[in-house]
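Just need the structure, nothing else, for what follows:
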Amino acid sequence: MACRISELVLECADPERLAAFWSDVLGYVELGREDDGSIEIGPPGVGFGGPQPTLVLSANSAPSTGKYRLHIDVNATDRDQDAELERLLALGARPADVGQTGDESWHVLADPEGNEFCLLRRRLQPL
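Okay, here's the model as predicted:
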């Protein structure tokens, strides 16, 4: 028997803002809220425990220091990489420089709070 990732927790200053951003990026919906201000989002009609992990946006006002050791990679499901890049930038993502050469097949972006993520080239089938 093995484990699988059921949820990812992202500490952030503004859970509302990031829940809205990541819901738009991933096509997720709000699943619940906790008294501490955390918001959980996940696939519509499936929620926690489905084939895709949910995302918990957890309130933390402490400033982020240093580079995160984990980041999220996303792939478009219904358009090519260039069209998805335009969509993500319109949602509030911005290009991030982590020392790329310009020859990469992916784009490094940052969400509205500066959390880095990558848009990969390969299109995936939706679940």
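
For the rest of this, base every contact and every neighbour count on C-alpha atoms.
OK.

Look up which residues are beta-bridged to the closest residue to Glu116 other than its chain neighbours.
Distance criterion C-alpha to C-alpha, 6 or more residues apart in numbering; nearest residue to Glu116, sequence neighbours excluded, is Ala110 at 4.2 Å. Beta bridges link Ala110 to Arg94, Glu116, judged by DSSP bridges.

any idea of the pLDDT on Ala110?
Turning to Ala110, the model gives it a pLDDT of 95.

quick one: contacts for it?
By C-alpha atoms under 8 Å, 6 or more residues apart in numbering, the residues touching Ala110 are 93-96, 116-117.

switch the cut-off to 10 Å
88-89, 92-97, 116-118 (C-alpha atoms under 10 Å, 6 or more residues apart in numbering).

and if you look at Glu40?
For Glu40, the contact set (C-alpha under 10 Å, 6+ apart) comprises 7-9, 15, 19, 23, 28-34, 47-48, 54-58.

Can you flag the buried ones in the contacts of Ala110?
In the contacts of Ala110, burial by neighbour count holds for 88, 93-96, 116-118, counting by 16 or more other C-alpha atoms under 10 Å.

Include distance to Asp103 and pLDDT when you put these into TSV, please.
Compiled in TSV, the buried ones among the contacts of Ala110 are given as follows (distance: C-alpha to C-alpha, whole Å; pLDDT from 0 to 100):
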residue	distance to Asp103	pLDDT
Leu88	20	97
Ala93	21	97
Arg94	19	97
Pro95	15	97
Ala96	15	95
Glu116	18	92
Phe117	17	94
Cys118	14	95
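
what about Leu10, neighbour count?
Per other C-alpha atoms under 10 Å, the neighbour tally for Leu10 reads 16.

Could you list every helix and strand in contact with the helix or strand Leu89 falls within?
Take DSSP states H and E as the rule and Leu89 turns out to sit in helix 81-91. Helix 81-91 is packed against helix 15-26, strand 94-95, strand 107-110, strand 116-119, with contacts defined by 3 or more C-alpha pairs under 10 Å, 6 or more residues apart in numbering; DSSP states H and E.

Just put those in TSV and tack on distance to Glu40.
Shown next, in TSV, are the helices and strands packed on helix 81-91 (distance: least, C-alpha to C-alpha, whole Å):
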stretch	distance to Glu40
helix 15-26	8
strand 94-95	23
strand 107-110	20
strand 116-119	19
